[in-house]
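Peer 1: here you go, sequence then predicted model.
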Protein chains: 2
Amino acid sequence: MSEPIYDMAAIGNALVDVIAHATDNFVAQQEKQHGMKRGAMSLIDASRAVELYGDMGTAIESSGGSAGNTMAGFASFGGKGAFIGKVADDQLGDVFRHDMKALGVHYGTNPLAFGTPTGRCLILVTPDGQRTMNTFLGASIELGPDDVDADIVASAKITYLEGYLYDDAKAKAAFRLAAEIAHNAGHKVALTLSDPFCVQRHRKDFQYLVESHVDILFANEAEIISLYETKKFDEACRGAAGKCEVAVLTRSEKGAIVLSGGKSIEVRAEPVKKIVDTTGAGDQYAAGFLFGYTRGMSLQECGRIGALAAAEVISHMGPRPEIKYADLLKKAAA
Amino acid sequence: MSEPIYDMAAIGNALVDVIAHATDNFVAQQEKQHGMKRGAMSLIDASRAVELYGDMGTAIESSGGSAGNTMAGFASFGGKGAFIGKVADDQLGDVFRHDMKALGVHYGTNPLAFGTPTGRCLILVTPDGQRTMNTFLGASIELGPDDVDADIVASAKITYLEGYLYDDAKAKAAFRLAAEIAHNAGHKVALTLSDPFCVQRHRKDFQYLVESHVDILFANEAEIISLYETKKFDEACRGAAGKCEVAVLTRSEKGAIVLSGGKSIEVRAEPVKKIVDTTGAGDQYAAGFLFGYTRGMSLQECGRIGALAAAEVISHMGPRPEIKYADLLKKAAA
């Protein structure tokens, strides 16, 4: 095992989020006419992205992407990280790059020089705080095995991968290569299942991955139910038990279950005064959990840190921390 | 007097805000080394913008610009508006354009096809919620008299102008032309003094403008004190009295004074639970006031609506409404 330089390397789609409030009616209409899926992530092409953006209300822009968000939260806790993901050489790409570097995260992936622009996720936040995502992958789809910096992945305690990468053949190859490098270096591989529809698209692959290549799995209730095609959460838990070293199954306000070594640990959710925007909740849960994990904390403590981060991010618009998570941790410990 | 089609036409610098939290120390250091002015707006060039952005923390992006923000708030109340200001033909320009159109605001200014990119304002928000602004004008500096759509300006009840336009000769000419068209059509001209340092740069011009071309003046305490070179607010009020039809002088949590027809009307501030980011406070005060004005409300009522909008915008990050101001108004009336 080589001596780790990074606490975590994350690989994911490099996206900029475009976040707008939307009425329930608007989302319902879009579901009917365009197959948008309320509360989930749908992939859209460039022309649909232009059309939907034109129909959306005023928005704010924020760096996003599932693994990118997790890396941002992880670095905000004080974790040393590296990110691998592809933007284009354009203004939104500059925004994404700036935000990674501003967190002290190593980000060396070459931008796409020509062709499609930086990918973006058009997010509609309904009055209940729920987010409905529509992703135009753009340049992020051009991520391939050549972009996986073997030295970085081999030198990270954890390599964190998002299930969304499976939506493209090249990114999938990059995903597999990274997992292999991490394991060959004697380090851990973590995976988030990303989204129930993403699980539906890649169920067999994900089942195989979890058993063969993943040490730490993150999934929410809908995702784990989809993965094991069960009706109830308890059955899905039984399906997940023993499949990998640690399975972290989150259930929004019902807290989380962490399965490990035949044990099931319950972690309560952190109360939130008002849910403003659930974007990034799962991503920041993973950030907190993994930060605790790299610091050798108990799984219960890891879960608590995840819950703190998730509670922060859903109390404001946007998928990334508005405060320094290291301060959040200090405050919670005091 | 021609029949108005628009409630308001606003002319200003078309900017995208890049907003980051910053420590007091960081701003103090920047003040010392780079002449940044805490709580105020400094103009910066392209290379300084790149340098400062590199030193800033993670940010969110939002359409901004003083008059642009006021127009956004005005439209959010339900006012029919048009905006004139210049972006480049790039991604940040698309963001600005989208946000105007999403509010139902007419926005027909031709983008700059070549050369400098869309302007941006790098904003540092300190823990007290105060914002310190650093503006790279970019394409917005290319706004000139040719961009003033005479039909639109002539058909607006109010033409709203930002003092910042005086920082460039071409924009200044556009400003004067618009004021002339508005008055020739028998409509009103409103001006915000924008910033105490902006007033310092153009004091004589602004004094002349207020007496000769402005019907409704917006200024905060520091700006009106700078305009009339007084030491105290009361003296500045005496300086402003009778110079134009209505002078709206805002004083943050101390409320506002509206001077008109020899009378002085006090308007109290709307209480705010926690000040998160003061960016856009003055802009949204003007939006609310002018919306009331175009609806024939009393100056006291206009001031109250301004205070409601300002209280909303300082309770979250970003310079524009997060909720529909028409709903805010309904709620306040209930």
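Peer 2: Looks like it arrived, so ask away.

Peer 1: for the rest of this, base every contact and every neighbour count on C-alpha atoms.
Peer 2: OK.

Peer 1: neighbours around the closest residue to chain B within the stretch 151-300 of chain A, how many?
Peer 2: Proximity of the stretch 151-300 of chain A to chain B (Cα to the nearest Cα) peaks at residue A:276, 10.8 Å away. By other Cα atoms under 10 Å in any protein chain shown, the residues close to residue A:276 number 20.

Peer 1: is it part of a helix or strand, or is it coil?
Peer 2: Look at residue A:276: counting by DSSP: H, G, I helix; E, B strand; the rest coil, its state is coil.

Peer 1: for it, give me its contacts.
Peer 2: With contact set as Cα atoms under 8 Å, 6 or more residues apart in numbering or on different chains, residue A:276 has these partners: A:128, A:129, A:314, A:315, A:316, A:317.

Peer 1: which residues in the stretch 151-300 of chain A form strands?
Peer 2: Shown for the stretch 151-300 of chain A, the strands assigned by DSSP state E, counting those that start in this stretch span residues A:156-162, A:188-192, A:216-220, A:246-250, A:256-260, A:263-267.

Peer 1: what strands line up against the first one, and which way round?
Peer 2: Which is strand A:156-162. For strand A:156-162, sheet partners with direction are given as strand A:6-11 (parallel), strand A:188-192 (parallel), following DSSP bridges.

Peer 1: what residues sit buried inside the longest one?
Peer 2: To tie it back to what came earlier, the one meant is strand A:6-11. By neighbour count with 16 or more other Cα atoms under 10 Å in any protein chain shown, strand A:6-11 contains the buried residues A:6, A:7, A:8, A:9, A:10, A:11.

Peer 1: against residue B:197, how distant is the nearest residue to the last one once chain neighbours are set aside?
Peer 2: This means residue A:11. Leaving aside its chain neighbours, residue A:11 sits nearest to residue A:84 (4.7 Å; criterion: Cα to Cα, 6 or more residues apart in numbering or on different chains). From residue A:84 across to residue B:197, the span is 44 Å (Cα to Cα, to the nearest Å).

Peer 1: quick check: residues of chain A near chain B?
Peer 2: Within chain A, the positions adjacent to chain B are A:53-63, A:90-92, A:98-100, A:102-103 by Cα under 8 Å from any Cα of the partner chain.

Peer 1: how about a cut-off of 7 Å?
Peer 2: A:54, A:56-62, A:91, A:98-99, A:102-103 (Cα under 7 Å from any Cα of the partner chain).

Peer 1: those in helices, which ones?
Peer 2: For those, the ones inside helices are A:54, A:91, A:98, A:99, A:102, with DSSP state H as the criterion.

Peer 1: residue A:15 and residue A:119 touch, don't they?
Peer 2: Yes. Counting by Cα atoms under 7 Å, residue A:15 does reach residue A:119; the two are 4.9 Å apart.

Peer 1: which of the two has more residues huddled nearby?
Peer 2: residue A:15 (32 against 26).

Peer 1: low-confidence ranges, chain A, go.
Peer 2: For chain A, the stretches flagged by pLDDT under 70 are A:1-2.

Peer 1: that older thread, tell me which residues touch the residue nearest to residue A:11, please.
Peer 2: Residues near residue A:84 by Cα atoms under 7 Å, 6 or more residues apart in numbering or on different chains: A:10, A:11, A:12, A:107, A:109, A:148.

Peer 1: just those residues now: which is nearest chain B?
Peer 2: Once Cα to the nearest Cα is applied, the member of those that ends up nearest chain B is residue A:107, at 14.0 Å.

Peer 1: okay, now the closest one: neighbour count?
Peer 2: Neighbours of residue A:107 under the rule other Cα under 10 Å: 18.

Peer 1: now do residue A:298
Peer 2: Residue A:298 has 12 neighbours, counted by other Cα under 10 Å.
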